[in-house]
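Asker: Using only what follows, build the 3D model:
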Amino acid sequence: MENPLFKSGFIAVCGKPNVGKSSIINAIIGQKIVITSDKPQTTRNKINCIYTQPHCQMVFVDTPGIHKPLHKFGEYLVKIAVNAVKGTDAILFVVDACEGIRASDEIVADIVRRSGVKAVLAINKMDIAKTENVAQEMENKIRSICPNITDTVNVSAKSGKNISTLVQKLENMMPQGPMYYPQDEVTDKPSRFIVSELIREKILYLTQQEVPHSSAVVVEDFEQRENGTLYIRANIYLERDSQKGIVIGKDGAMIKQIGQLARKDIERMFEEKVFLDLFVKVKDKWRESDFLIMNTMGFKDEFKKGEK
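Answerer: As a prediction, this is how the structure comes out:
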């Protein structure tokens, strides 16, 4: 029998790049669902992350950071983020306490304002902020732009500070509703997507600055072998031959390290032995190609959902 008092809803997580949106979601869910790094635009797809309790289910929609796009791919990322705000029950607006409020935060605040959706402001990285006073100044600035901010919580995704308080504030905003996903699900993305993201995270972590934004990962094979091993074959796409050399490394050292680190995370997630087969390919200027972005790189479904 369904609980008539059960609450549920969708929460769009918004902010400029690199403010810690994905880290906050991982802290709320209690495990690593979305990849993180210190490089902007780490999140590229709209990812639903599911938090379920006996009395409530909240679906966090992790979005790419909203920024001024420099190429077609950047335009797609911003479009995904803006579309994700539409039709949600609440917005979690994340800013970085170490940076203060900048023009890019004000752009996001205006998008949140125009949505008309009630929002909670999370001021992240308070564990390394210079002073506590900065939080009040940031809150005042955002509220002057965005009157639909209903609450503000100073948090640290890294230490877990006030994450439970943030969860409670968001729960209070949820309407009564059904359980949208089975209680043991933590994301709506298929296994292939999660694997591709874990591989891309290692590329972000290990390679030089010129490579990360030019890289994409597509899982081509994902099958259980008779010997009990999960076999995964994935292509790493780059834009230039010089980047291919960086990712492969001297005598294949870099691609080997990427594979080893990714395999450990994949085995931890699926709780079984994994054989990870990685190939590096070059697709010239893929970030400027509508066809490659929408098809080869797996973004087609995202825009079908957002199109009007």
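Asker: Now do the helix or strand Gln57 falls within: which elements does it pack against?
Answerer: Assigning secondary structure by DSSP states H and E places Gln57 in strand 56-62. Applying 3 or more C-beta pairs under 8 Å, 6 or more residues apart in numbering; DSSP states H and E, we find strand 56-62 packed against strand 7-14, helix 21-29, strand 47-53, helix 163-173. All C-beta spots, glycine's among them, are computed from the backbone N, C-alpha and C.
Asker: export these to CSV and tack on distance to Glu106 and mean neighbour count?
Answerer: Converted to CSV, those look like this (distance: least, C-beta to C-beta, whole Å; neighbours: other C-beta atoms under 10 Å):
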stretch, distance to Glu106, mean neighbour count
strand 7-14, 13, 23
helix 21-29, 17, 23
strand 47-53, 25, 19
helix 163-173, 22, 17
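Asker: CSV for the ones you listed, including distance to Gly116?
Answerer: CSV is the format used below for the helices and strands packed on strand 56-62 (distance: least, C-beta to C-beta, whole Å):
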stretch, distance to Gly116
strand 7-14, 13
helix 21-29, 21
strand 47-53, 22
helix 163-173, 14
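Asker: want to throw those into TSV with distance to Arg143 and mean pLDDT?
Answerer: Below are those laid out as TSV (distance: least, C-beta to C-beta, whole Å; pLDDT from 0 to 100):
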stretch	distance to Arg143	mean pLDDT
strand 7-14	16	94
helix 21-29	20	91
strand 47-53	26	90
helix 163-173	15	97
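Asker: that older thread, list of residues touching the strand holding Gln57?
Answerer: Strand 56-62 is contacted from outside by 6-13, 21-22, 25, 28-29, 34, 43, 46-51, 84, 88, 92, 167, 170-171, 174, 179-181, 183, using C-beta atoms under 8 Å, 6 or more residues apart in numbering.
Asker: what about it, average pLDDT?
Answerer: Rounded to a whole number, the mean pLDDT of strand 56-62 is 92.
Asker: and it, which strands flank it?
Answerer: As defined by DSSP bridges, the strand partners of strand 56-62 come to strand 7-14 (parallel), strand 47-53 (antiparallel).
Asker: between the ones you listed, which gets nearest to Glu99?
Answerer: Between Glu99 and the strands paired with strand 56-62, the shortest gap by C-beta to C-beta is with strand 7-14, which sits at 15.9 Å.
Asker: Can you dump the C-alpha atoms of that closest one in CSV for me?
Answerer: Provided in CSV are the C-alpha atoms of strand 7-14 (Å, rounded to 0.1, in the frame of the first residue of the first chain):
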residue,chain,number,x,y,z
LYS,A,7,6.9,13.2,-0.8
SER,A,8,8.9,13.2,-4.0
GLY,A,9,10.2,15.6,-6.7
PHE,A,10,12.9,16.7,-9.1
ILE,A,11,15.6,19.1,-8.1
ALA,A,12,17.8,20.9,-10.8
VAL,A,13,21.3,21.4,-9.5
CYS,A,14,22.6,24.6,-11.1
